[in-house]
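Undergrad: Okay, here's the prediction I keep looking at, along with the sequence it came from:
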Amino acid sequence: MATVSNLSGECRIREVGPREGFQRGVLVSTEMKAHVINEVVAAGAKSVQTVSFVNAKIVPQWADAEDVLGLVERAEGVIYDALVLNDRGLTRAITARDNGLPVDQVSLLGGATRSVLNSNGIPGTVDEDFDSRIAPLIGRAKEAGLRVLAGVSAAYGDPDEGWTPVEVTLDVVRRLIDAGADQVYLGDSTGEATPQQIVEITGTIRDAVRFPLIVHIHDNRGQALAAIMAILLEGWHDIEFDTAIGGMGGCQFIEAAGNVCTEDTVFMLEGLGVATGFSLPRLVELVKEVQGLYDYPLATHVGHYGVPKWFADRAHATA
């Protein structure tokens, strides 16, 4: 029987729906946020971005970050990640960890263009931001014993500055690695890139640094699943992907739609014989709960139309 070449084995997925999703739109209860985190882990997530330690005046949706983590039931073998933007946020993350809350890793938001940084409220140039904020944060987080995931927003393109030259993104990635980051994510922050562009830039960087990478795609133009497929067709099973249940997420500060849907990604990959470790039926049930929080339809396809019977009957889908 004919099969799609280079597609086999496993694919690693980091769930970012809770942090990215609940930062935008309606205020959601502390209990519901923790419930979603617990349920997505129960559905198979081995890495999940949980909360943001940010200024509550700017992002009131995450004023309760510590309270949410207090209700999270830590699961063995799962990396619990929190976003921090500055020294104060890192202090909160370290304190939370020291108080027994599930904080294993911090994500730092950097960028490949000045425009994307400034739009997110981060002043200065890329170089200035790296020297004054990113590098010191990485150093302090590592000294505190936290893993560090450093992000490169607009790694593929910027709505104001246009196409991001691969040399620019590669330079930022190398500096993050040299500063001590444990992993780097490449952000298509506003869904600027085509699958071919994502493959070209990701491949160039992967070949140059040989370092753990995550691809973080916002699905503004409906290209995210195609981009994931294009990467896997290259045989790059060492690349990890950020996804969000229901397609939650996006950013109120830049024109960013939600991330590619976890359940749609799992359906595509598992249907191709690529293991993800997720239970698709459990994900769909969770998406239904999350949909009830909003008065507009989430971007999910599988979440709306359900799991086909032939798929649900398979042992790996119901495990």
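TA: Yes, it's here. Numbers count the residues shown, from 1 in each chain.
Undergrad: Where does pLDDT dip in the stretch 1-150 of the chain?
TA: 1-6, 8, 25, 120 (pLDDT under 70).
Undergrad: Which stretches in it count as strands?
TA: Listed in chain order, the strands of the stretch 1-150 of the chain (DSSP state E, counting those that start in this stretch) span 13-15, 47-53, 79-84, 105-111, 147-153.
Undergrad: Relative to residue 309, which of the ones you listed is closest?
TA: Nearest to residue 309 among the strands of the stretch 1-150 of the chain is strand 13-15 (24.1 Å), distances taken as Cβ to Cβ. The C-beta positions use only the backbone N, C-alpha and C, and glycine is treated the same way.
Undergrad: what sits up against the closest one?
TA: Strand 13-15 is contacted by residues 40, 45, 47-49, 81, 214, 240-245, 262, 265-266, 276-278 when judged by Cβ atoms under 8 Å, 6 or more residues apart in numbering.
Undergrad: what's the answer for stretch 99-108, then?
TA: Outside stretch 99-108, the residues that touch it by Cβ under 8 Å, 6+ apart are 49-50, 66, 69-70, 72, 74, 79-85, 90, 93-94, 96-97, 134, 137-138, 141, 146-151, 181-182, 185.
Undergrad: Outside of whichever helix or strand residue 270 is part of itself, list whatever touches it.
TA: Under the criterion of DSSP states H and E, residue 270 resides in helix 262-271. Contact partners of helix 262-271, identified using Cβ under 8 Å, 6+ apart, comprise 11, 13, 15, 17, 40, 225, 228-229, 232, 241, 243-247, 275-276, 278, 280, 283-284, 287, 300-303, 307, 311, 314, 316-317.
Undergrad: Quick one: mean pLDDT for it?
TA: Helix 262-271 shows a mean pLDDT of 95.
Undergrad: just checking, next helix/strand downstream of it?
TA: helix 280-291.
Undergrad: List buried members of the contacts of stretch 99-108 by neighbour count.
TA: Buried members of those, scored by 16 or more other Cβ atoms under 10 Å, are 49-50, 66, 69, 72, 79-85, 90, 93-94, 96-97, 134, 137-138, 141, 146-151, 181-182, 185.
Undergrad: can you list the strands of the stretch 1-150 of the chain in CSV and add distance to residue 190?
TA: Below are the strands of the stretch 1-150 of the chain laid out as CSV (distance: least, Cβ to Cβ, whole Å):
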stretch, distance to residue 190
strand 13-15, 20
strand 47-53, 19
strand 79-84, 18
strand 105-111, 12
strand 147-153, 9
